[in-house]
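Engineer: Provided below are the primary sequence and the corresponding predicted coordinates.
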Amino acid sequence: MLGLALLLGVVLGISALVFKVEGDPLVARIDAILPQTQCGQCGYPGCKPYATAIAKGEADINQCPPGGDAGARALAELMGVEYKPLNAEHGTPKPKSVAFIDENTCIGCTLCIQACPVDAILGAAKHMHTIIASECTGCELCLAPCPVDCITMQPIAETPDNWKWKYPVIPIVAVPAHGSNASL
Amino acid sequence: MNSIIQFASKLIRGQAPAPAAADVYKFHGGVHPDGHKLESTAHPIAKLAIPERLVLPLRQHVGYIPKIKVNVGDRVLKGQMLAEAEGTFSAAIHAPTSGTITAISEEVIPHPSGLPDMCITLAPDGKDEWCPLKPADWRNTDKKELVASLRASGIVGLGGATFPTHIKVRADGRSQVHTLVINAAECEPYITCDDMLMRERADEIVKGMEIVKFLLGAEHCIVGIEDNKPEATVSMAEACKALANTSVKVVPTLYPSGDARRLIHLVLGIEIPHDKRSTDVGVQVFNVATVLAIYRYFAFGEPAVNRIVTMTGSVNKPQNFEALFGTPLQSLIDAAGGAKADTTHFIMGGPMMGFDLPTIEVPITKAANCIIAATPDLFAPPPPAMPCIRCARCADACPVNLQPQELYWFSKSDNFEKARDYKLFDCIECGCCSYVCPSDIPLVQYYRYAKSEIIAADKAREAADLARERNEFRLARIEREKLERAQKHAERAAAGKAESAKPESAAPEEIAAETAKPAAVPAADDAKKAAIAAAVERAKALKAAAAQAGDAGNAAKETAAESKKPADDEQAKIDKQALIAAAIERAKAQKLAAAQAGAAPKNVDNVSPAVQAEINEIETIREKAKQSVDTKDAEN
């Protein structure tokens, strides 16, 4: 009996070493749900820190406006907690947009480059900057530091490329009221 | 229940119904919608006159948008390339006739969204002048070269899927294609463009088959034709005699036998696994019209500039037309005798898989195999959908062996992961399920909705992954830079420590920078003190400089007032006066040196009067400042 216990103990000990899980898988799973906008609207300096805070139970699941209602629901399901509507204190969901630099106004101060969490702004000191639209997450962090307010957020337009088929709805048609109906 | 009845009827009849040809294999499901093909086959293919304006959307095929090679105002010749294929998965666009480019702008394209997209507008000059064409001697040319030249031909699958043809013929080295299947089934109701093409141009099609067979290295060639096209079957069988190892197989009329995988199943009895391509089992499928376009390209050098379009439905004279790409739909309708009064809208493609055109102002594109003028009589608006009664008739009709009712429930409830698990993406959107549904549920619309939602979610996830990666990289970079800086400072501090052994030689400014950093060493106390002294010195010097450069007495007074604030005020004042005096001395010396060197600074020989006035103004200000400083000196 003792021998078996020892054997199992050794097996468990070895497997704990061999199958060691790197990092916190819960943080990674929460991070996978978050939209990676890195906007900091949740009050944390990025999506990963927010994910860590949720995992630790320090932050609520409804602080991510870019994730939207669907994101909050997914987080609630993952964490096994009750769904809560988004907390308006952290902002409201907006249509996805990308930053746009008015290149005539840009003075090349590099402040927005330093603010961008995903290095999506290209430029150098005293040279015009531009946004790499495909990399921009729409976090709006570059808006505040700009001393000349040359950055605007432009909603992503619908094109035949990103157009989606709509949910089938049966249109409700107004039927003219017949005399017989009216009398009823 | 249905299957039981079917099984019972089979038993009663003694055996399974014999297929039209003994060696044809039947696929699962399928439906028999009314053909409506006779209307448009009464007349031969007519050539449409060159319209006044051609609008060529860049998005005419599956894949990347081609790159525009022309500018507004350019005169182009027929067959000249207007847009070049971008990357592998793309196709070129050519001028359908000679003329002038009048616009490169956004126009409404024939797309279910009804959204505008980039188009090239061409005003034909009526000469229809070809650019120099280069026919290829394909029998004596390297296959790779031929495939590469096909990339510039602009030819895409003309059956409606518009897949760039050059991708289909290139050898990917994975598997050898042994059988070429020519898709001439044309199973959708109303469409007759392939039928008429086979009746009239069977010889050219067979010549095209020979080229494609050569390019693929295929040994066998099978033409699959539905049995509702006897004339086409006869003419194709006649023409195919010229080609070895080629046969025409008549398949029973059953929608959707024109789907590539269904046709392969029909003629070869091979069912391709859902995650494999037909080339993995050594089969490649080409549409008859595509094969003809390939022949025209290699034999005459003509790129894709036109196609056969069936104009049918509620028009006075339904017929097939050879139309240039970019031809306005209105020209086609006019050529077909105009639409009847009760026409409500137009459908592009067939009634099963086509879509309603958003407006009549759209051009004919490479995908436009058929335009149907729709009336409420022909296509009654669908009755309101009733709840699903789980009869599973859709499952019986599904040619892909899916469970449409399950897919419907998952799609309807936005349960997309489940829908994907049930192989939603294997659905070919043929519409058989909707056709047989007794509750009139628009099943395909639900599948399309679910598919586009899943695709959008996948794209968003990809973008999020990219953003995460970039953010992590950025954080790592910042961390690394911080580390590098700290290391540098530590090195400098170490160097400073060594220097502090000889305090006189220590550069005070350098050490001043060091002291601000945390790389403090206990022994650096002396250096620190020296640095503080140096920093104070520097601050004083700066203030003095400000006082000197300051406009008139005001600035000087301000700085003077500020300088009173520190506790060691008196000492600072004296220091400051000394510094100012020294600075003035220096400036004077400089001026003197300048005067000796030949007066005035350089670059003032040829100044304009305005600039000269400005210089004079600055000089007077300087003079004033000097005077005020002098008077202050006197006061002190």
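Structural biologist: Arrived safely, thanks for sending.

Engineer: contacting residues around the residue nearest to the spatial centre of chain A?
Structural biologist: Central residue of chain A (C-alpha atoms, centre = their mean): A:P35, 2.3 Å from the mean position. Neighbouring residues of A:P35 by C-beta atoms under 8 Å, 6 or more residues apart in numbering or on different chains: A:C47, A:C64, A:P66, A:G67, A:G71, A:T137, B:A460, B:A464. In this view, the C-beta of every residue, glycine as well, is placed from N, C-alpha and C.

Engineer: Now, of those, which are buried?
Structural biologist: Neighbour-count burial (16 or more other C-beta atoms under 10 Å in any protein chain shown) is assigned, among these, to A:C47, A:C64, A:P66, A:G67, A:G71, A:T137, B:A464.

Engineer: Any chance of those residues in CSV with distance to B:D575 and pLDDT as columns?
Structural biologist: Shown next, in CSV, are the buried ones among the contacts of A:P35 (distance: C-beta to C-beta, whole Å; pLDDT from 0 to 100):
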residue, distance to B:D575, pLDDT
A:C47, 55, 92
A:C64, 59, 92
A:P66, 58, 91
A:G67, 62, 89
A:G71, 64, 90
A:T137, 55, 92
B:A464, 61, 92
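
Engineer: Which members of those occur in helices, if any?
Structural biologist: A:C47, A:G71, B:A464 (DSSP state H).

Engineer: Just the CA atoms of the longest helix along chain A, as PDB, please.
Structural biologist: For chain A, the helix with the greatest residue count under DSSP H is helix A:2-18. Extracted in PDB, the C-alpha atoms of helix A:2-18 (Å, rounded to 0.1, in the frame of the first residue of the first chain):
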ATOM      1  CA  LEU A   2       2.800   2.400   1.000                       C
ATOM      2  CA  GLY A   3       4.700   1.400  -2.100                       C
ATOM      3  CA  LEU A   4       1.800   2.200  -4.300                       C
ATOM      4  CA  ALA A   5       1.400   5.500  -2.600                       C
ATOM      5  CA  LEU A   6       5.000   6.300  -3.100                       C
ATOM      6  CA  LEU A   7       4.900   5.200  -6.700                       C
ATOM      7  CA  LEU A   8       1.900   7.300  -7.500                       C
ATOM      8  CA  GLY A   9       3.500  10.200  -5.700                       C
ATOM      9  CA  VAL A  10       6.600   9.900  -7.800                       C
ATOM     10  CA  VAL A  11       4.500   9.600 -11.000                       C
ATOM     11  CA  LEU A  12       2.500  12.800 -10.000                       C
ATOM     12  CA  GLY A  13       5.700  14.600  -9.200                       C
ATOM     13  CA  ILE A  14       7.300  13.800 -12.500                       C
ATOM     14  CA  SER A  15       4.200  14.600 -14.500                       C
ATOM     15  CA  ALA A  16       3.900  17.900 -12.800                       C
ATOM     16  CA  LEU A  17       7.400  18.700 -14.100                       C
ATOM     17  CA  VAL A  18       6.900  17.200 -17.500                       C
END
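
Engineer: Quickly note the distance from B:V62 to B:V285.
Structural biologist: As defined by C-beta to C-beta, to the nearest Å, B:V62 lies at a distance of 15 Å from B:V285.

Engineer: more neighbours, those two?
Structural biologist: Between B:V62 and B:V285, B:V285 has the larger neighbour count (other C-beta atoms under 10 Å in any protein chain shown), namely 24 against 16.

Engineer: my read is the more buried one is in a helix, agree?
Structural biologist: No. Assessed with DSSP: H, G, I helix; E, B strand; the rest coil, B:V285 is strand; it does not lie in a helix.

Engineer: Specify the beta-bridge partners of it.
Structural biologist: Per DSSP bridges, the residues bridged to B:V285 are B:V181.

Engineer: Verify the stated contact: it with B:L266.
Structural biologist: No. At 11.3 Å, B:V285 does not count as touching B:L266 under the criterion of C-beta atoms under 8 Å.

Engineer: Not counting sequence-adjacent ones, nearest residue to the closest residue to chain A within the stretch 101-250 of chain B?
Structural biologist: Proximity of the stretch 101-250 of chain B to chain A (C-beta to the nearest C-beta) peaks at B:S113, 4.0 Å away. Once flanking residues are discounted, B:S113 sits nearest to A:W163: 4.0 Å by C-beta to C-beta, 6 or more residues apart in numbering or on different chains.

Engineer: give the contact list for B:S331.
Structural biologist: Applying C-beta under 8 Å, 6+ apart, we find B:S331 in contact with B:L48, B:A49, B:P51, B:A323.

Engineer: picking that back up, which single one of the ones in helices among the buried ones among the contacts of A:P35 is nearest to B:K276?
Structural biologist: For these, the minimum distance to B:K276 (C-beta to C-beta) is 30.5 Å, reached by B:A464.

Engineer: that older thread, state the pair within the contacts of B:S331 that is farthest apart.
Structural biologist: B:A49 and B:A323 (9.8 Å).

Engineer: okay, these two: which has more neighbours?
Structural biologist: Neighbours per residue (other C-beta under 10 Å) separate B:A49 from B:A323, with B:A323 holding more: 27 against 13.

Engineer: low-scoring stretches of chain A, by residue?
Structural biologist: A:23, A:170-173, A:177-184 (pLDDT under 70).

Engineer: the strands in it, which residues?
Structural biologist: All strands of chain A, identified by DSSP state E, fall at A:97-101, A:121-122, A:130-131, A:151-155.

Engineer: residues of the first one that come out buried?
Structural biologist: Same thing as strand A:97-101. Neighbour-count burial for strand A:97-101 flags A:V98, A:A99, A:I101 (criterion: 16+ other C-beta under 10 Å).

Engineer: same question, the last one
Structural biologist: By neighbour count, and taking 16+ other C-beta under 10 Å as the criterion, the buried residues in strand A:151-155 are A:I151, A:M153.

Engineer: check whether that strand contacts chain B.
Structural biologist: No. Judged by C-beta under 8 Å from any C-beta of the partner chain, strand A:151-155 and chain B are separated, with a smallest distance of 15.0 Å.

Engineer: Same question for the first one.
Structural biologist: No. No part of strand A:97-101 sits close enough to chain B to count as contact by C-beta under 8 Å from any C-beta; the gap is at least 11.0 Å.

Engineer: the inter-axis angle of that strand versus strand A:151-155?
Structural biologist: Relative orientation of strand A:97-101 versus strand A:151-155 (axes from the mean of the first three to the mean of the last three C-alpha atoms, to 10 degrees): 150 degrees.

Engineer: Residues contacting strand A:97-101, please?
Structural biologist: A:112, A:120-121, A:128-131, A:133, A:136, A:138, A:140, A:142-143, A:150-156.

Engineer: repeat for the second one
Structural biologist: By C-beta under 8 Å, 6+ apart, the list of residues contacting strand A:121-122 from outside reads A:A99, A:I101, A:C112, A:I113, A:H129, A:T130, A:I131, A:I132, A:C142.

Engineer: Kindly recompute the last result at 7 Å.
Structural biologist: With contacts defined as C-beta atoms under 7 Å, 6 or more residues apart in numbering or on different chains, strand A:121-122 is touched by A:C112, A:I113, A:H129, A:T130, A:I131, A:I132, A:C142.

Engineer: ok, the third one to A:P147 distance?
Structural biologist: This means A:H129. Using C-beta to C-beta, we find A:H129 at a distance of 12 Å from A:P147.
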